[in-house]
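Participant: return a 3D structure for these sequence lines:
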Amino acid sequence: MRPAAQIRSAFDVFTEIKERHRPAAVALADWGKAHRFAGSGDRAAIGNLVYDALRRVRSLSAQMQSDTPRAIVLAAAPRALGIGIDAIVAGADGTAHALTPLSEEEKAGLARTLPADTPADILGDYPEWLGASFARAFGNDAAAEGAALAARAPVDLRVNTLKADRDKVIKALEKFGAHATTHSPLGVRLPAPEGRARQANVEAETAHGRGWYEVQDEGSQIAALMAGAFAREQVLDLCAGAGGKALAFAAAMQNTGQIFAYDDDRMRLRPIFERLKRAGARNVQVLDAADSKGLAALGARFDLVFVDAPCTGTGSWRRRPDAKWRLKPAALEQRQAEQDALLTQAASHVKPGGRLVYVTCSVLPEENGDRIEAFLAREPQFEAMPWAPIWEKQLASPPVISANGSDTSLLLTPRQHDTDGFFVCVMRRR
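Facilitator: Below you'll find the model as predicted:
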């Protein structure tokens, strides 16, 4: 397909997403089924263009002075496809599978640069109603932090030390440009694709089938390392989901001790069984989903209770850009109530001297520091621990600077740490 046809196809998909409120992955999959003649390279280029348009809806709309799907996709095309403005104008010739010719206003929009005094929420491509939250979190850097959350993300892998080491994984994936991550001693990174290039399908590789690694963002790896799951400990992963953190704990504990994995959603929990088998993790017991009585019966026996709390996912916008435009204030309020309830529940399982680790993939203070402050006011037997010494011990490297400037909680962001947005707070029961 010519670039003009790719742009036209991306416009059709983007229109489905915007006007029919369909998830991007579903709309792209349906387009692929209806256009089986399109090769894998064409599908990758169209997908890149659609996702790049979603990442930067507000700045692209401001650039074009129009919020129509056509305007947004046109503005995203030069960077997403690696082509010049002249090629876009020439390709929009009104022929079959191409866009109609560009207007003078559209041509001017493609060449326009946003002024420095453009509002931060537009430059940073986040919803206007989150402006106060981003200002609380980042101050004058809100626009830059938002823009980093609107960039493409790399693929990060956590090496499964039960079966491999980092050098072994890097060698197995050297064809993808694999290299060591900056912070996590267990991480391997495949660079984010540029232009129309495809993202590597690392789960189709033999090394993945052998259990040598799991796909896991470096920020998520750091959160698991900061929790400090040690050999022979009793660990509860309260919101286990598909088991990414439980697998990391099993490797860190070298299959000693005991890990209980629990989630109240059976569909989220279901993939954990195949992943445990592939990874060779033998010290994980998976509780029945939503079995609150079985969970309560475990009592306050745990050295570590890990809460990877459901959240708005603002820290993962690089990977799910359509989610930020579906997020509403009511959803943020609901998440805060859920987070408070989970922290209270988790506290009941921590033994004296044990640790409670609270993690979100959010950058919003309402879900992070505010929740910790409210929890510590309700539960004075807990105290937040300085995170920097924990980092230095667990990651064997000098601590970074937290994006929120706190001594007792760590906020990671793509702009400052080249990870997804993650919040980590380690608390100890006195």
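
Participant: rest of the way, CA atoms for contacts and neighbours
Facilitator: OK.

Participant: ramachandran coordinates for residue 344?
Facilitator: When quoted as degrees, to the nearest 10, the phi and psi of residue 344 stand at phi -60, psi -40.

Participant: with residue 286 instead?
Facilitator: With angles defined as degrees, to the nearest 10, residue 286 sits at phi -100, psi 120.

Participant: who touches it in this structure?
Facilitator: By Cα atoms under 8 Å, 6 or more residues apart in numbering, the contact list for residue 286 reads 260, 261, 262.

Participant: can you tell me which of these are in strands?
Facilitator: 260, 261 (DSSP state E).

Participant: turn the contacts of residue 286 into a markdown table, columns for neighbour count and distance to residue 359.
Facilitator: Shown next, in a markdown table, are the contacts of residue 286 (neighbours: other Cα atoms under 10 Å; distance: Cα to Cα, whole Å):
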| residue | neighbour count | distance to residue 359 |
| --- | --- | --- |
| 260 | 20 | 17 |
| 261 | 27 | 16 |
| 262 | 27 | 16 |
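
Participant: and the contacts of residue 286 as a markdown table, adding distance to residue 57 and pLDDT?
Facilitator: Formatted as a markdown table, these follow (distance: Cα to Cα, whole Å; pLDDT from 0 to 100):
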| residue | distance to residue 57 | pLDDT |
| --- | --- | --- |
| 260 | 42 | 98 |
| 261 | 38 | 98 |
| 262 | 37 | 98 |
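
Participant: any chance of the contacts of residue 286 in TSV, with distance to residue 28 too?
Facilitator: Listed next are those as TSV, based on distance: Cα to Cα, whole Å:
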residue	distance to residue 28
260	37
261	34
262	33
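
Participant: which residues in this protein form strands?
Facilitator: Counting by DSSP E, the chain has strands at residues 155-159, 179-180, 187-190, 213-215, 234-237, 258-261, 284-286, 302-308, 350-360, 382-384, 410-412, 422-429.

Participant: check which helices and strands the fifth one sits against.
Facilitator: Packed against strand 234-237 by the contact rule (3 or more Cα pairs under 8 Å, 6 or more residues apart in numbering; DSSP states H and E) you find strand 258-261, strand 302-308.

Participant: kindly report the same for the longest one.
Facilitator: Using 3+ Cα pairs under 8 Å, 6+ apart as the contact test, the elements touching strand 350-360 are strand 302-308, helix 329-347, strand 422-429.

Participant: quick one: the ones you listed as a markdown table, columns for mean pLDDT and distance to residue 204 too.
Facilitator: Output for those, formatted as a markdown table (pLDDT from 0 to 100; distance: least, Cα to Cα, whole Å):
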| stretch | mean pLDDT | distance to residue 204 |
| --- | --- | --- |
| strand 302-308 | 98 | 27 |
| helix 329-347 | 98 | 34 |
| strand 422-429 | 98 | 27 |
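
Participant: can you add distance to residue 191 and mean neighbour count and give those back as a markdown table?
Facilitator: Converted to a markdown table, the helices and strands packed on strand 350-360 look like this (distance: least, Cα to Cα, whole Å; neighbours: other Cα atoms under 10 Å):
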| stretch | distance to residue 191 | mean neighbour count |
| --- | --- | --- |
| strand 302-308 | 26 | 26 |
| helix 329-347 | 32 | 16 |
| strand 422-429 | 20 | 24 |
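
Participant: dump the strands of the chain into TSV; add distance to residue 400 as well.
Facilitator: Formatted as TSV, the strands of the chain follow (distance: least, Cα to Cα, whole Å):
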stretch	distance to residue 400
strand 155-159	19
strand 179-180	17
strand 187-190	17
strand 213-215	23
strand 234-237	26
strand 258-261	29
strand 284-286	32
strand 302-308	22
strand 350-360	18
strand 382-384	18
strand 410-412	9
strand 422-429	13
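
Participant: now the residue nearest the centre of the chain: how far from residue 303?
Facilitator: Geometric centre of the chain, nearest residue: residue 316, 2.8 Å, by Cα atoms, centre = their mean. Counting by Cα to Cα, to the nearest Å, the separation of residue 316 from residue 303 is 29 Å.

Participant: ok, residue 264 touching residue 291?
Facilitator: Yes. The criterion here is Cα atoms under 8 Å, and residue 264 meets it with residue 291 at 7.4 Å.

Participant: pick out whichever of these two has more residues nearby.
Facilitator: Using other Cα atoms under 10 Å as the criterion, residue 264 and residue 291 rank with residue 264 on top: 17 against 12.

Participant: now tabulate the helices and strands packed on strand 234-237 in TSV and tack on distance to residue 94.
Facilitator: Formatted as TSV, the helices and strands packed on strand 234-237 follow (distance: least, Cα to Cα, whole Å):
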stretch	distance to residue 94
strand 258-261	57
strand 302-308	51
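
Participant: which residues are in contact with stretch 255-267?
Facilitator: Surrounding stretch 255-267, the residues in contact under the criterion Cα under 8 Å, 6+ apart are 231-241, 243, 246, 249-250, 269, 281-291, 295.

Participant: ok, now stretch 174-185?
Facilitator: Residues outside stretch 174-185 that contact it (Cα under 8 Å, 6+ apart) are 156, 166, 170-171, 187-191, 200, 218, 221-222, 395, 397.

Participant: can you pull the buried residues of that stretch?
Facilitator: Buried residues in stretch 174-185, defined by neighbour count with 16 or more other Cα atoms under 10 Å: 176, 178, 179, 180, 181, 183, 184, 185.

Participant: put the alpha carbons of it into CSV.
Facilitator: C-alpha atoms of stretch 174-185 as CSV (Å, rounded to 0.1, in the frame of the first residue of the first chain):
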residue,chain,number,x,y,z
GLU,A,174,20.0,-9.5,19.6
LYS,A,175,18.3,-9.4,16.2
PHE,A,176,15.8,-6.9,17.8
GLY,A,177,18.4,-4.7,19.2
ALA,A,178,18.0,-6.0,22.8
HIS,A,179,20.1,-4.3,25.5
ALA,A,180,20.2,-4.1,29.3
THR,A,181,17.7,-1.7,31.0
THR,A,182,19.1,1.3,32.8
HIS,A,183,17.8,0.6,36.3
SER,A,184,16.5,-2.9,36.8
PRO,A,185,19.3,-5.5,37.0
